[in-house]
Structure formats: structure tokens, C-alpha cells
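In: This is a predicted model, with the sequence first.
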Protein chains: 2
Amino acid sequence: MKFSYLTHLYCPKCQAEYNPADIHQLCVCGSPLLAGYDLETLKKETRPETLVSRKPDLWRYHELLPVAEPGHIVSLGEGMTPLLAMPRIGTNMDIERLYMKDEGVIPTGSFKARGAAVGVSKAKELGVTGLAMPTNGNAGAAWALYAARAGLTSTIVMPALAPSITRNECAISGANLHLVEGLISDAGKIIAEAVKRHGWYDASTLKEPYRIEGKKTMGLEIAEQFGWKVPDVILYPTGGGVGLIGIYKALRELIQLGWIENRLPRLVAVQSAGCAPIVKAWKERRAESEFWTDSSTIAFGINVPKALGDFLVLKAIYETDGCAVAIEDGALLEELRAIAELEGAFVCPEGAIAFAAARDLRRTGWIKEGETVVVLNTGSGIKYPDTVQVEVPIMQPHETLPNDAGLR
Amino acid sequence: MKFSYLTHLYCPKCQAEYNPADIHQLCVCGSPLLAGYDLETLKKETRPETLVSRKPDLWRYHELLPVAEPGHIVSLGEGMTPLLAMPRIGTNMDIERLYMKDEGVIPTGSFKARGAAVGVSKAKELGVTGLAMPTNGNAGAAWALYAARAGLTSTIVMPALAPSITRNECAISGANLHLVEGLISDAGKIIAEAVKRHGWYDASTLKEPYRIEGKKTMGLEIAEQFGWKVPDVILYPTGGGVGLIGIYKALRELIQLGWIENRLPRLVAVQSAGCAPIVKAWKERRAESEFWTDSSTIAFGINVPKALGDFLVLKAIYETDGCAVAIEDGALLEELRAIAELEGAFVCPEGAIAFAAARDLRRTGWIKEGETVVVLNTGSGIKYPDTVQVEVPIMQPHETLPNDAGLR
């Protein structure tokens, strides 16, 4: 009975293998590396029932995570986020069985905490003392905070237009934060140059193999929360796409373990109409995407013109009979408000865009009547106050509320 | 085996009893009402082991909550927040066994979600269709969002200086929001007048008996998370004080059930030096507090000049050999930064002030060597971005990071 059943790292492009006891970034061929586990042995030694009495965080799946020693875990209590029925907005969009996996209810307020928790823990286990990365905001905030808890330094570069609260999170953690007048791709170039010059550990999306293992736990949790079953459709707001790749990887591992039946949900990559390279590639049945020029969307987290793992995202879509959908910012904002008014959930723009895509796909019939649909809300709306326009009447202490104040 | 063992409401001042099947606000004597349960029967019918396989939210304690029908539960997945060891800041303040109960990891980003979930659920069960309340921000945000999920209307009045994000939360939920140029006590007067005029349901702090039942679950969770044991000291940032009263009530109920031994942690009410009515009353060994004039603190949530439940807070302190401590805003800000840098936790100002109080109490020896200490962080720092001053260098896409960027 091992704590982790990690055995090797492998390249999904050229099939090269690497020893996970050493620090690795990309494969020599330039592809991201993925973590491999001894699922055959694990299948014999553990059953899902074993998990019942474990703590409700993502480390309950430690056998399927890369950290070898429990003492190396760097945790802020992340994981086992709520899977909520959304009956009122579901009725509103004619999806009776609509659920939200709410990744706003997690340390740092976004699903990036999962990747950071596992990525930083493994980096610490490997003896790393500092890390560097570009970010659209939330990932940098999460990695900076987990790095602080681990006692590692962090160097973060983010677009000047990234959500300002994520800047505060980096700053208070003591990170070395820089802004760039450009996109995450520009931040990525700056980090790549500095990593090369200084020999830093590169925690960029998919440039180390463990962030995806953290993101994978969303898939593990969805399966467990449905009683080791899977829904028919999962919609995921897609920038770098690590969460979608992770969910796909998780469900395949669960099938190999025999913990769920051999059936995958149709995975949907949701992008903004202002930055839709995956959607374009999917429509053209391509294996990879092209750089999307002049990208722009208020769903800042998915403003990623070209994802390093695009071929893995597209593979997950093709192999699950999924699809890719682009949504306009206007529809996003309408959906965000409807979700709050009908369900009391203040979702992030990226979450709202995935709900809007569900509405579209039901309208076109791609989502069929009676299907069980899960939307990933990747973060809390609290982190994006500017998506709400507020005009509030101001009173003086001696005044009284107008008679119509209780109506709406 | 009932879902809830609620039997009656009772007045802690005049001992009058009320039927919980009816809507009640305050006792006729003006005191808040508390919920009573048939603990004798529950003791025979349920054991703590029963809870193990239940979902990790506060409804796992449904027997000790007031909602009679599971179908009336209005939930966003609140509860079972992380209880985190804080070894680095603990060492820094010479408290080896320092823990944080992190109420930032909850829907709406603050512990107010607990009171709102239980309060709104019970209001819905009682047939209420709309509610009204004053707030310092977070409570209003939580009640507005849970009311939206329940399909109830909400009327909220908050100080114009309350954290602006809570305004966005109320607005997006569709609440009828008004600001007042004054304190929560001014907002309270406006609501009281409107409630009287319109016959609205008054959800003000302790003016309905069920918010405290939600807050109580913090105490239940702390006991369960320590394996049905209690720590030596619990520090709680105290404005209205409902959480502290709730934790005290919870632990007394657990003792009556025989689920924990007959020993209570010493409860500490932490206030700001700029608004410390409970501290003043405690120093003078009084049973009630006096209105604190010209109150002011950056820990906005605890800027409450006179709490309706002050006598219950003081009783809980006296009966547990606890104490009350006032902290300056400067110490709060230093502590907030230290917690982020050493533990990667971005706490709210109210949480930071409670950590600063722990540091003070250890320095004076009131907290003894080797004691287990729990600090309540009542919300996420994300909701208070202005507590962090950020000055970040801005780069152009073609620039490179300076050579010292990775150091700190």
C-alpha cells in the first residue's frame, strides 16, 4: 500500500519516458509530459469505499497523485468543492439535470488552487526552492500563495489588464510580481527568457507535469459526487485547457481502475468569440490550433491565443464525441446575472460563459432532453467585481425607505 | 429518527417559550430567542460515527439544525471549511499548535453564508416570501444570494463605506439595496422602521432565531475535525458576536449529547481598539455593553457599536474563563501580511485581528505553552483588496526581467 502509485512520466507525442524522481519540464521533443501510475496494482489494493472516511479535500485521492511522502503536502484545504443542482436556471434553459461544480469555494477563490497545491507540493518534494510563471491572474495568485506556504520564492509576470485582485494576492504573498503591457503570451516569453538565463523552475502551464494532476481531481470529485458515475456532458471554459485534459485523464484512469463504467462524458471546450483558437481548430477537424491574433474577452482567464496543450484538448474532445463552442461577451454577462438572480450563485465570467454554452447547445439539440450536464464554474465572482454594474441609492441616517423598496 | 430534533424556542432572559412552527422574531421582553432541541432522544438515536459518510457541508448536522424537511434546505454547499495547521506563523508567535478555521473557503466568501443558509432555509420553511436586514456587508451579501436561490426577495441597507464587493454581490442577486451615510446601527434603524411599517420578516442579527443555528456549525465542525475533542482556546473576531454565541451553544449541546467530554475551550472575543464595547464591558465585569461612540476600524465587519446579543457574548466569555481583547489596526495589517508570507493564506482583516490577539495573549502568558489554539478567519482576503498596497513594476513585451527578480 503506497501513498502514491506514480511510476513514470511519459510524452503523449513521442512516447519517451522519464524518471519522476528527477526534475523535468517539457519532453525533449517539446511536448508536455504526463504522469503515469501503476493502476494495475492500485486496482488490487484499493477500492473506492476506502475513501469514504477521508478528509474532504483533493488529497483523498493521494494514490492517484504524484506526491510520494505525506509530509511534503502543501495544502490550504483545497478540493471537494460543491456539486450543486441548478434547478431554476436549468428549467430556464430547459436542462432539467443541470449541475454546477463550484470552484469558487476553494482557497484563493479559483480552481487554479488545485494545480498549485499539487504542483507546489511536488516541486517541494523534488527540492525546488523557487518557481517562475506567466499568468492571466488566478494561476499566479494561487501559485504565489502556495509557494509562500511551502517556503518557496515565486516570480510572476501577468498582463497589466489581468483582474486586479489577483495582483493583490501575489503581492501579499511576497511574490516577485511584474506586469506586462500585453497578453499572457507576452508574459510567457519574458518568463521563458528569464528561466533560461537563471535556470529557474518553470511552472508555466504544462511546462511542468504536475499542475494537471491537481486539476485532474475535478474529474475524480465529479465521479465520486455522482456515486462513481459520470454525467452525459461536462462543459469547461477553455484557455490553456489543463482542466479539461485533467478531467479526461482522471476519468480514463477511473475506467482502468474499474471504479466507473467504461463510458466517458462528452467534453465541451467553451471559449470566447474573441479568443477561440480551439473552436476554430475543432471546426476544421485539426489536431492543433493556430495563434489567435488580437484576442480579447472579459473572460480574462481564457484569453489564451495559443495553448501549449491544444492537441491534448482537441484529442479529449474528439475521443469523447464532444465539441467546442464560442460565446459572445454579451451573452456571458446576461447569463452571469441570470445565474445570480435564479440560483444565488455569483460565478466568474469564465463560469458564466460555460453556462451560456450549455444554453446554446440545448437550443441546437446537441444537449438532448433528460441529459445530465455539469458546468465547471472555475472561480468566484467575488474576484471580478467589475462584471457587475452597481448603482445604489444613498440615504442619510434619518431617512426612511421608500414604500416600493421591498418589491422587485 | 427525525431529520431535526428542534422542539421549541426559548428566551435566555425571561425563559418564555415559543412554538417554532410559527414565525417569531424577538421575545416579548426584547431579548433574542434561541432554539431548543430534544437532546435526550437524539443522544439515544444517533452517534457521531453516523456522520462519517455524510456530505461535507453543514447539513451533516441536520439533527441539530432547525429545518424539519430536507426539501426546504437552501444550500450552496456551505460548511466543513478547512481547519488548517499554521506551523510557520505559529512558531513566529510561539504557539506551536496554532490552527486556522478558514471561513474564506465557503460560498459568498465569508462565514455569513452559514447563518444565511440556515436562516433562509428556515424562513422558506415557515412560508416567508421576503426578508429585510441591515449589514456591514458580508451578511447582506450572503442573505441576498441565499434569498435569491430560495426565490425570496431581500431588502438590504448597508453603510456606504462597507466593502464595495459586498455591494456587487447584493446587486447581482437582485436585492433591493440601499446605502446609508452612517454605521450599521443607522442601517438598523432604517430597517426597523420599514419592517414595522410593512410587516416584513426581519433578518437582522439575532432578531430571528436561526442565523445563530447556522453559525453554531463552526463549533460542531471544529469538534468533529479534532476527532470530537475541543482545543484549549478559540479566538473569534467579535462584532455582533453571533458566531461566538453559536460556538458556545454548539459545544454545550455536544457535551449534553456526550459527543465531547465536559470541557469547554476558553472563548476569546477579539475587537478593534476603535470599536471595543465588549472588551470594555468585560474589563468592568459587566453583564452588558454600552454603545461605543465614534467607532472606526478597517476591520469593517466588527464595527458594531452595540450588539443586541452582547449579554450572551459576555456570558460565554465568563463561563469559559475566556477574555476579550482589543487590537489596533496597525497590528492587524502587520499580522495580515505575515500570515500571507508565512502560510500563503490571504485572510480578511477580521481574521488578521484575531491572529494578532493570539500573538498578544501568548506574549502575556494568557495562552500557555503547548496549548491548542484555533483562530477563526471569518472570510477571504479577496473581499478586501484595499488592505494590500500594491506597487508593481510594469514591463513592455520586449523587455527582460532584471537579474534580481527572483530574490526577495
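Out: Nice, I can see it. This is a predicted model, so every value here is computed, not measured.
In: Need the nearest residue in space to the closest residue to chain B within the stretch 201-350 of chain A, chain neighbours excluded.
Out: Residue of the stretch 201-350 of chain A nearest chain B, by C-beta to the nearest C-beta: A:Gly344 (3.2 Å). Yep, even glycine has a C-beta here, placed from its N, CA and C like the rest. Distance criterion C-beta to C-beta, 6 or more residues apart in numbering or on different chains; nearest residue to A:Gly344, sequence neighbours excluded, is B:Arg149 at 3.2 Å.
In: and whichever helix or strand that neighbour is part of, average pLDDT?
Out: Using DSSP states H and E, the element containing B:Arg149 is helix B:138-150. For helix B:138-150, mean pLDDT rounds to 98.
In: Show me what secondary structure element comes after it.
Out: Next along from helix B:138-150, by DSSP H and E: strand B:153-159.
In: Buried residues of stretch A:295-310, list them for me.
Out: Within stretch A:295-310, the residues scored as buried using 16 or more other C-beta atoms under 10 Å in any protein chain shown are A:295, A:297-310.
In: that older thread, the residue of the stretch 201-350 of chain A closest to chain B: what's it in contact with?
Out: Taking C-beta atoms under 8 Å, 6 or more residues apart in numbering or on different chains as the criterion, A:Gly344 is in contact with B:74, B:76, B:144-150, B:173.
In: if we go to 10 Å?
Out: Applying C-beta atoms under 10 Å, 6 or more residues apart in numbering or on different chains, we find A:Gly344 in contact with A:84, A:88, B:74-76, B:107-108, B:116-117, B:120, B:142-152, B:169, B:172-174.
In: So for A:Met1, what's the pLDDT?
Out: Reported pLDDT at A:Met1 in the predicted model: 87.
In: Would you check that it makes contact with A:Glu45?
Out: Yes: the pair A:Met1 / A:Glu45 is scored as a contact, 5.7 Å apart, by C-beta atoms under 10 Å.
In: Need the overlap of contacts for these two.
Out: Joint contacts of A:Met1 and A:Glu45 (C-beta under 10 Å, 6+ apart) are A:Glu63.
In: more neighbours, these two?
Out: The neighbour count for A:Met1 versus A:Glu45, taken as other C-beta atoms under 10 Å in any protein chain shown, is higher for A:Glu45 (13 against 9).
In: Would you mind measuring from the residue nearest to A:Gly344 to A:Ala345?
Out: Distance, B:Arg149 to A:Ala345, by C-beta to C-beta, to the nearest Å: 7 Å.
In: quick one: stretch A:379-387 near chain B?
Out: Yes: Stretch A:379-387 lies within reach of chain B by C-beta under 10 Å from any C-beta of the partner chain, at A:379-387.
In: my bad, stretch A:227-243
Out: No: Stretch A:227-243 lies out of reach of chain B by C-beta under 10 Å from any C-beta, never closer than 11.7 Å.
In: Could you list every helix and strand in contact with the helix or strand harbouring A:Glu253?
Out: Here A:Glu253, judged by DSSP H and E, is contained in helix A:242-257. Packed against helix A:242-257, as judged by 3 or more C-beta pairs under 10 Å, 6 or more residues apart in numbering or on different chains; DSSP states H and E, are the following elements: strand A:34-37, helix A:39-45, helix A:112-125, helix A:211-225, strand A:233-237, strand A:266-272, helix A:310-319, strand A:372-377.
In: hang on, the earlier thing: for B:Arg149 and A:Ala345, list the residues in contact with both.
Out: Residues touching both B:Arg149 and A:Ala345 (C-beta under 10 Å, 6+ apart) are A:84, A:86, B:76, B:107, B:173.
In: how about stretch A:68-81: buried residues?
Out: Applying a neighbour-count criterion of 16+ other C-beta under 10 Å, the buried positions in stretch A:68-81 are A:68, A:72-81.
In: Hmm, I typed the wrong one, I wanted stretch A:372-391.
Out: Under the neighbour-count criterion of 16+ other C-beta under 10 Å, stretch A:372-391 has A:372-385, A:387-388, A:390 buried.
In: The residue nearest to A:Ile172 when sequence neighbours are not counted: which element?
Out: Once flanking residues are discounted, A:Ile172 sits nearest to B:Ala340: 4.1 Å by C-beta to C-beta, 6+ apart. Assessed by DSSP H and E, B:Ala340 sits inside helix B:329-343.
In: Kindly export that helix (C-alpha atoms) in CSV.
Out: What follows is helix B:329-343 as a C-alpha-only set of coordinates in CSV (Å, rounded to 0.1, in the frame of the first residue of the first chain):
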residue,chain,number,x,y,z
ASP,B,329,-5.5,48.5,13.1
GLY,B,330,-1.7,48.8,12.6
ALA,B,331,-1.0,45.4,14.3
LEU,B,332,-3.9,43.9,12.3
LEU,B,333,-2.2,44.9,9.0
GLU,B,334,1.2,43.6,10.0
GLU,B,335,-0.4,40.3,11.0
LEU,B,336,-2.3,40.1,7.7
ARG,B,337,0.9,40.3,5.7
ALA,B,338,2.8,37.9,8.0
ILE,B,339,0.1,35.3,7.6
ALA,B,340,0.2,35.6,3.8
GLU,B,341,4.0,35.5,3.6
LEU,B,342,4.5,32.6,6.0
GLU,B,343,1.4,30.5,5.4
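In: Mind listing what's buried along the helix holding A:Glu253?
Out: For helix A:242-257, a neighbour-count test (16+ other C-beta under 10 Å) marks A:242-255, A:257 as buried.
In: what about the residue lying closest to A:Glu335 once chain neighbours are set aside, which SS state?
Out: Closest residue in space to A:Glu335, ignoring its immediate chain neighbours: A:Ala356 at 4.2 Å, by C-beta to C-beta, 6+ apart. Put simply, A:Ala356 is helix when judged by DSSP: H, G, I helix; E, B strand; the rest coil.
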